[in-house]
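1. sequence? don't have it. structure:
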């Protein structure tokens, strides 16, 4: 039959609350990870990155956590605002001697005012 | 806003048409990329250019033909497309591909093949 559209995981949070968006990556050779935000009608926009020799990195209102043991990445957004409503993608850069970046399917974040 | 511009923003073409998408980056980067984003699949890498040389072709059908005349410009030439090629085509750039660098994306071209 006809394939359905991509069903993105959705997270709905109240304005002012903290948001946590999770991502499982696939390759143990991945050495660099990036979170992107994509608003409607725009291309993905860089938010924050982390290298594999770190397990936490903080930016302005955002924190990325990396757990290499279980190949898990998370993005925490503090005091979520309506402007944070978007689709969030994680991306992993696989170090195989050449270029290879793989994007996740994305999570849609809704912020309720 | 991001330093990467794409034209046109919207394109409707028939299956027998030939058209081209244009991307320009004003960031001084050496690597440029084409991605396809559709409602049915995650972001798919199509082509990578580094210092004007193609370094990645992700098994893209030959009806998509990229061209990179210099490090600031990237084209995607379209010929005899299929309706399933309808998608958002995103261009991106990065400092280069040899290290861990984030990519800067353009706003995309929304392509509809009729």
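-> Great, that's in hand. Small disclaimer: the values here were computed from a predicted structure and weren't measured.
2. So which bits of the helix or strand of chain B with the lowest mean pLDDT are buried?
-> None of the helices or strands of chain B scores lower by mean pLDDT, DSSP states H and E than strand B:53-57, at a mean of 86. Along strand B:53-57, these residues count as buried under the neighbour rule (16 or more other Cβ atoms under 10 Å in any protein chain shown): residue B:56. (C-beta placed from N, C-alpha, C; glycine too.)
3. partners of it in the sheet?
-> Paired neighbours of strand B:53-57 in the sheet (DSSP bridges): strand B:44-50 (antiparallel).
4. For the residue nearest in space to the middle of chain A, pull up the helix or strand it's in.
-> Nearest to the geometric centre of chain A sits residue A:90, at 3.6 Å (Cα atoms, centre = their mean). Residue A:90 is part of strand A:86-94, with elements assigned from DSSP states H and E.
5. so where's chain A shaky on pLDDT?
-> Low-confidence segments of chain A (pLDDT under 70): A:1-7, A:96-99.
6. hey, where'd the strands end up in it?
-> Taking DSSP state E as the criterion, chain A contains strands spanning A:10-14, A:19-24, A:30-38, A:45-51, A:56-58, A:62-67, A:72-77, A:86-94, A:101-103, A:107-112.
7. now those as CSV including distance to residue B:65?
-> Formatted as CSV, those follow (distance: least, Cβ to Cβ, whole Å):
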stretch, distance to residue B:65
strand A:10-14, 37
strand A:19-24, 33
strand A:30-38, 27
strand A:45-51, 28
strand A:56-58, 39
strand A:62-67, 37
strand A:72-77, 35
strand A:86-94, 26
strand A:101-103, 22
strand A:107-112, 33
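8. Which one, of the ones you listed, ends up nearest to residue B:43?
-> Smallest distance to residue B:43 across the strands of chain A (Cβ to Cβ): 4.1 Å, for strand A:101-103.
9. Sheet-wise, list the partners of that closest one with their directions.
-> According to DSSP bridges, strand A:101-103 has the following sheet partners: strand A:86-94 (antiparallel).
10. Tell me which residues of the partner strand come out buried.
-> Buried, per 16+ other Cβ under 10 Å, within strand A:86-94: A:86, A:87, A:88, A:89, A:90, A:91, A:92, A:93, A:94.
11. Enumerate every residue touching the residue nearest in space to the middle of chain B.
-> In chain B, the C-alpha closest to the average C-alpha coordinate belongs to residue B:34, at a distance of 2.8 Å (Cα atoms, centre = their mean). Counting by Cβ atoms under 8 Å, 6 or more residues apart in numbering or on different chains, residue B:34 touches B:23, B:45, B:46, B:47, B:64, B:66, B:74, B:76, B:89, B:90, B:91.
12. Please report the distance of it from chain A.
-> Distance of residue B:34 to chain A, given as Cβ to the nearest Cβ, to the nearest Å: 12 Å.
13. in what helix or strand does that residue lie?
-> Using DSSP H and E, residue B:34 sits within strand B:31-37.
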